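Participant: Sequence and predicted structure, then a few things I'm wondering about:
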Amino acid sequence: MPEVVRQAVAAAQAGELDRADDLLSDALRQCPDHPELLAELAGLRFRQGRMAEAEVLVTRLVEVDPGAEYGWELLGTLRYLRDDPMGALQAWTRSGSPLIRSVEIPVRGPAGPRDDGLEPRTLGVAGLEPGQPLRPEVLIRGTRRLEALPAASRARVGYVMLPGGEAQVDGALVLMPRFPFSRLKLAEHGARLLTGSVDLAFGDLMGHLERWELSGVREGTLRRGTLALAHPAPADAGVWRWTVEHRVGRYGTPLHGDERAGEVRRIERSRAGWGHTHWLTARLRGTVRSGVEVRRARGTYVAGGVGAAALPLGAWGSMRLDAEGWTRVARSEGEDPAPTESRRFGRLEVEAAVHPAGVGGAGSLPRILARVGFISVSRGTPADLSPRMGKEGNTRVLMRAVSDLDADGVVQPRFPGRSWIHGSVEVGRRVARVGPVEIGVAAFSDGVRVLARGDAGGPGTERRSAIHLGTGVRARLPGVNGRLRLDWAIDPSDGTSALSAAWVPGTFPVP
């Protein structure tokens, strides 16, 4: 076999590419997995400009011989030439990653380029430095860290290969508008107001890439107001977020046996908190937070929590874990005894979601969004920290055939308990565009099951599980962070049905 390879190489060097092709092709038919033949014929196909055939051959080569550095180098080159830079890096990493020669990521504001010393600071956040090996994880981590900057609207990080096996990293960081009163933002505010909420965000007012937020919700008897400031953490280590929040609402206790409706409690609390979030790797984001919370007629509590989110490199799904605990450090004067509430309590949430990226135009394949989660609260946890379940836009668990608010706006738990498993699946597609508005339709299913009963205990009339089915319409304005959903859902077990409307934050396209 080496003799055939020598003859083919000699023919190729003499410019007799067709003869070299015949020699190698005949030999490969006899030995289809011979690494040297695969390598030589892939290189010949590359010289002939037959890139697709060269990639098939070199892909087979690295399958047969994973240690073939030449194969990985050629595979990376072929992917780069067909505009697959991430795939190219994945291949080049197997044979020695290119080194970063320079980094150029300009900062742009809504009105154009910014030249106020921000660029070196943002590069520090991204963690991209000359001389560093360039790997897929490095690019994705840099992008996610830049996107996480409080004043960022969007970010892009890419690269261009240079002679000598080095790369120039380039891209752009686009900042959000300083004031949220553009025409598109006003449309978003109007949609939010229709669903009982407001969310105003001001970016980079002081020139430190910070973000100021003022938000509020009014829903039934529930009221919430929040003022928050997020800014880059010291040493380019993620983001710090400071919040001041006030919440008030009325909550009912569940029915049990033949008893009448339980007591309605008014819960009011104020909180000042701090949190630190950072992309530790390209796939893992960590969070720690703490706070002081004052509960009227209950006392003062200190709170602390940790969280983690894991995303694959392709961002087609996510996993999230969040845990928080509270401890009372001072009692209120004239405290109202609440035997079911504990001095210490906590909450745990775990959720996994699948949300494939990309959606085509009208007539494209459906988009699927799916999630499943687990929520648990300890004994004695106040009612306002238990997950809300219903059709409202501020519920933690969607069950769109019912509302957890009664006619008086009191939160009445539909599935009382201390731990639950829940999930939702939605299939949708974009069907039309009306002016700038994208319109989509969706079919969905929501489900929940109570795993552990609540503190009241005893046999109850509450259901332990349910599945709701429904359909809806989605609407989104380009450039607006979120979409409006209009849904109709039914509970097949008892025929209960409901209409609902909500504003869903996020940048996902209309499904």
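Facilitator: Cool, got the structure. Numbers count the residues shown, from 1 in each chain.
Participant: Enumerate the beta-bridge partners assigned to the closest residue to Lys391 other than its chain neighbours.
Facilitator: Leaving aside its sequence neighbours, Lys391 sits nearest to Ser500 (CB to CB, 6 or more residues apart in numbering; 3.7 Å). Placement of C-beta: from N, CA and C, glycine included. For Ser500, the beta-bridge partners under DSSP bridges are Asp487.
Participant: ok, Ser500 to Thr195 distance?
Facilitator: When distance is defined by CB to CB, to the nearest Å, Ser500 is 9 Å away from Thr195.
Participant: The two: who's more crowded?
Facilitator: Between Ser500 and Thr195, counting by other CB atoms under 10 Å, Ser500 is the more crowded of the two (22 against 18).
Participant: And the pLDDT for the more buried one?
Facilitator: The model reports Ser500 with a pLDDT of 92.
Participant: That one is in contact with Val402, isn't it?
Facilitator: No - contact criterion CB atoms under 8 Å: Ser500 and Val402 do not qualify, at 9.7 Å.
Participant: Output the below-cut-off pLDDT ranges for the stretch 401-511 of the chain.
Facilitator: By pLDDT under 70, the low-scoring segments of the stretch 401-511 of the chain are 454-462, 479, 506-511.
Participant: can you pull the contacts of Val441?
Facilitator: The contact partners of Val441, taken as CB atoms under 8 Å, 6 or more residues apart in numbering, are Gly428, Arg429, Val431, Thr471, Gly472, Val473, Arg474.
Participant: and it, bridged to which residues?
Facilitator: Bridge pairing for Val441 (DSSP bridges) gives the partners Arg429, Val473.
Participant: Could you pull out the buried residues of the helix or strand hosting Ser215?
Facilitator: Ser215 belongs to strand 211-219 when assigned by DSSP states H and E. Across strand 211-219, burial judged by 16 or more other CB atoms under 10 Å covers Arg211, Trp212, Glu213, Ser215, Gly216, Val217, Glu219.
Participant: Go through those residues and name the one nearest Val58.
Facilitator: Arg211 (46.5 Å; CB to CB).
Participant: where do the strands sit along the stretch 251-400 of the chain?
Facilitator: For the stretch 251-400 of the chain, the strands defined by DSSP state E, counting those that start in this stretch cover 264-279, 284-295, 299-310, 317-331, 344-354, 367-377, 389-390, 397-398.
Participant: can you redo the ones you listed as JSON lines with distance to Tyr70?
Facilitator: JSON lines is the format used below for the strands of the stretch 251-400 of the chain (distance: least, CB to CB, whole Å):
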{"stretch": "strand 264-279", "distance to Tyr70": "35"}
{"stretch": "strand 284-295", "distance to Tyr70": "34"}
{"stretch": "strand 299-310", "distance to Tyr70": "35"}
{"stretch": "strand 317-331", "distance to Tyr70": "35"}
{"stretch": "strand 344-354", "distance to Tyr70": "38"}
{"stretch": "strand 367-377", "distance to Tyr70": "40"}
{"stretch": "strand 389-390", "distance to Tyr70": "58"}
{"stretch": "strand 397-398", "distance to Tyr70": "53"}
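Participant: For the following helix or strand past the strand holding Ser215, name the packing helices and strands.
Facilitator: Next helix or strand after strand 211-219 toward the C-terminus (DSSP H and E): strand 222-232. Where contact means 3 or more CB pairs under 8 Å, 6 or more residues apart in numbering; DSSP states H and E, strand 222-232 is packed against strand 211-219, strand 239-252.
Participant: Turn those strands into a markdown table, columns for mean pLDDT and distance to Ala272.
Facilitator: Listed next are the helices and strands packed on strand 222-232 as a markdown table, based on pLDDT from 0 to 100; distance: least, CB to CB, whole Å:
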| stretch | mean pLDDT | distance to Ala272 |
| --- | --- | --- |
| strand 211-219 | 94 | 15 |
| strand 239-252 | 96 | 5 |
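Participant: Tell me which of these lies nearest to Arg101.
Facilitator: Using CB to CB, the nearest of the helices and strands packed on strand 222-232 to Arg101 is strand 239-252, at 29.3 Å.
Participant: tell me which residues of that closest one are tucked away?
Facilitator: By neighbour count with 16+ other CB under 10 Å, strand 239-252 contains the buried residues Val239, Trp240, Arg241, Thr243, Glu245, Arg247, Val248, Gly249, Arg250, Tyr251, Gly252.
Participant: Now for the fifth one: which residues touch it?
Facilitator: So that's Glu245. Contacts for Glu245 were tallied using CB under 8 Å, 6+ apart; they are Arg224, Gly225, Thr226, Leu227, Ser270, Arg271, Ala272, Gly273.
Participant: partners of it in the sheet?
Facilitator: Beta-bridge partners of Glu245, counted by DSSP bridges, are Thr226, Arg271.
Participant: so how far is His276 from it?
Facilitator: Glu245 sits 18 Å away from His276, going by CB to CB.
Participant: Assumed Gln90 was part of a helix.
Facilitator: Yes - per DSSP: H, G, I helix; E, B strand; the rest coil, Gln90 lies within a helix segment.
Participant: burial of it, as a residue count?
Facilitator: For Gln90, the neighbour count with other CB under 10 Å is 19.
Participant: I figured it hits Pro136, correct?
Facilitator: Yes - Gln90 is in contact with Pro136 according to CB under 8 Å; the separation is 5.5 Å.
Participant: circling back: now the helices and strands packed on strand 222-232 as CSV including distance to Val103?
Facilitator: What follows is the helices and strands packed on strand 222-232, written out as CSV (distance: least, CB to CB, whole Å):
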stretch, distance to Val103
strand 211-219, 24
strand 239-252, 21
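Participant: Figure out which of the ones you listed is closest to Leu280.
Facilitator: In terms of CB to CB, the element of the helices and strands packed on strand 222-232 nearest to Leu280 is strand 239-252, at 12.9 Å.
Participant: Would you quantify the distance from the closest residue to Arg298 other than its chain neighbours to Val244?
Facilitator: Distances taken as CB to CB, 6+ apart place Ser332 nearest to Arg298, at 6.0 Å, with adjacent residues excluded. For Ser332, the distance to Val244 (CB to CB) stands at 20 Å.
Participant: How about Glu166?
Facilitator: The span separating Glu166 from Val244 equals 49 Å under the rule CB to CB.
Participant: Over to Asp84?
Facilitator: Per CB to CB, Asp84 is found 47 Å from Val244.
Participant: just Asp65 next, same as before
Facilitator: From Asp65 across to Val244, the span is 61 Å (CB to CB).
Participant: now swap in Arg271 and tell me
Facilitator: In terms of CB to CB, Arg271 sits 7 Å off from Val244.
Participant: Tell me if Ile140 really is in a strand.
Facilitator: No - Ile140 is assigned helix when assessed by three-state DSSP, not a strand.
Participant: pretty sure it contacts Thr281?
Facilitator: No - using CB under 8 Å, Ile140 is not in contact with Thr281; the gap is 9.3 Å.
Participant: Counting neighbours around each, name which of these two comes out higher.
Facilitator: Between Ile140 and Thr281, counting by other CB under 10 Å, Ile140 is the more crowded of the two (21 against 12).
Participant: and the more buried one, what does it touch?
Facilitator: Each residue near Ile140 by CB under 8 Å, 6+ apart is listed here: Ala282, Leu313.
Participant: How about Arg247?
Facilitator: Per CB under 8 Å, 6+ apart, neighbours of Arg247: Leu222, Arg223, Arg224, Ile267, Glu268, Arg269, Ser270, Arg271, Asp384.
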